[in-house]
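Q: whatever this is, show me its structure:
(one chain, ligands or ions: 1)
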Amino acid sequence: MPDTRTIVFRGIAVSVIRKASVRRIGLRVDAQDNVSVTAPLGTQDERILAALEGRHDWILNSRQKMHERHDATFRPETLEFGDLEVHVKRRATPNVEVRISAPDAVPEVTAPFDMPLAVVRGIVEPHVPRLRESRDSMIKGMPARLSYVTGERHLLWGEKMELVTVDWARPGVRVEDGRIVMGLVPGMGLAERRELMRHFYRQCVLCELGPIVARYEELMGREIAGITCRFMKSRWGSCTPQTRTIRVNCMLARYPRPLLEYVVVHEMCHFVERGHGRAFRELEARYFPECGKATAFLDRVAGEILI
Ligand SMILES: [Zn+2]
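A: Numbering: from 1, shown residues only. You can find the predicted model right below:
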């Protein structure tokens with residue numbers, strides 16, 4: 001029977017396993033940061049402590065490495081190539097893989113734990129032109145040219161609605177009888193009209209977010225610390241898992257409401273899984289079974305983000 005006990009060496013708990021089959025003192029630090037010693041049966045604590053003394057630096061270094069390796073799973077790493085941002089995800093894999101997908105349109109690379117970031121960078125670099133192209137086609141396929149004049153059609157929650165401009169003392173936008181009514185003061189040009197519409201879209205999304213967030217917080221058992229609505233050129237949504245905050249694109253007001261819901265779910269799933277691997281996709285599908293359809297839709301209309 002092995003004899004297992006714990007001794008304390010310079011503040012570190014060390015489990016000592018004494019076995020008949022062991023000839024000499026062995027030392028190991030495992031992935032959970034446990035330090036253990038194997039020793040022949042009958043070895044005195046003093047002898048083990050003396051042996052540990054000679055390996056003190058090695059123990060500290062090994063623990064540090066284990067910490068770094070552990071942290072790498074959770075700590076976000078990013079590579080920047082000019083205006084292109086690539087997220088690095090560490091995996092127990094010998095391969096490096098690069099991909100880009102909606103709704104974030106942020107390229108992601110999976111790389112082995114111990115591969116230095118500079119090496120990952122060298123591998124990703126030749127892919128940069130292709131990644132930039134994919135991202136750009138996602139974000140500016142066919143920017144809509146809108147003039148914000150009466151008779152033009154504008155999207156709201158997936159419906160094409162007629163725009164009517166009227167003179168109002170206070171500029172603003174509202175929906176009336178199935179039409180989008182834009183109140184203007186004389187002299188308001190394209191830029192001001194666009195700004196009014198953006199403000200309107202933003203309000204529309206903000207009004208919807210409350211119930212969506214409440215629903216998924218309860219379903220997923222996760223709380224959001226903050227959610228904001230922004231105009232983003234290249235993403236439908238983004239999140240910061242560390243602060244549990246989410247940003248969604250105001251332009252989602254143009255598409256059917258479930259798409260906004262999908263983006264919130266997608267970003268909330270990143271609180272649990274950072275990348276877009278299999279675990280992430282399963283999680284997403286559990287809370288939003290139509291996620292495949294939603295992604296395809298958002299990819300297709302991504303070119304319309306810029307208006
Ligand atoms: Zn994502």
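
Q: got the buried residues for the longest helix seen in the chain?
A: If you go by DSSP state H, the chain has its longest helix at helix 190-220. By 16 or more other CB atoms under 10 Å, the buried positions in helix 190-220 come out as 193, 196-198, 200-202, 204-205, 208-209, 212-213, 216, 220. Using the backbone N, CA and C atoms, a C-beta is placed for each residue, glycine as well.

Q: what do you get for stretch 288-303?
A: 288, 291, 294, 295, 297, 298, 299, 301, 302, 303.

Q: from residue 276, how far out is the second one?
A: Going back to what we said before, that points to residue 291. 11 Å (CB to CB, to the nearest Å).

Q: returning to that earlier point: tell me the least confident of the buried residues of stretch 288-303?
A: Across these, the bottom pLDDT score, 63, is held by residue 303.

Q: re the thing from before, in strands only, show me the buried residues of stretch 288-303.
A: Judged by DSSP state E, the buried residues of stretch 288-303 include no members of strands.

Q: with distance to residue 87 as extra columns, can I get these in JSON lines?
A: Below are the buried residues of stretch 288-303 laid out as JSON lines (distance: CB to CB, whole Å):
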{"residue": "288", "distance to residue 87": "22"}
{"residue": "291", "distance to residue 87": "20"}
{"residue": "294", "distance to residue 87": "21"}
{"residue": "295", "distance to residue 87": "17"}
{"residue": "297", "distance to residue 87": "23"}
{"residue": "298", "distance to residue 87": "18"}
{"residue": "299", "distance to residue 87": "18"}
{"residue": "301", "distance to residue 87": "23"}
{"residue": "302", "distance to residue 87": "18"}
{"residue": "303", "distance to residue 87": "23"}
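
Q: these in helices, which ones?
A: Per DSSP H, these map to helices at 291, 294, 295, 297, 298, 299, 301.

Q: adding distance to residue 22, write the residues you listed out as JSON lines.
A: Formatted as JSON lines, those follow (distance: CB to CB, whole Å):
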{"residue": "291", "distance to residue 22": "53"}
{"residue": "294", "distance to residue 22": "58"}
{"residue": "295", "distance to residue 22": "55"}
{"residue": "297", "distance to residue 22": "63"}
{"residue": "298", "distance to residue 22": "60"}
{"residue": "299", "distance to residue 22": "59"}
{"residue": "301", "distance to residue 22": "66"}
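
Q: for the chain, identify the residue most remote from the centre.
A: residue 42 (53.3 Å; CA atoms, centre = their mean).

Q: so, low pLDDT: which residues of the chain?
A: Counting by pLDDT under 70, the chain contains low-confidence residues at 1-2, 31-33, 67-76, 101-105, 138-145, 303-307.

Q: how's it carved up into domains?
A: 3-71, 76-139, 153-304 (automatic domain parsing).
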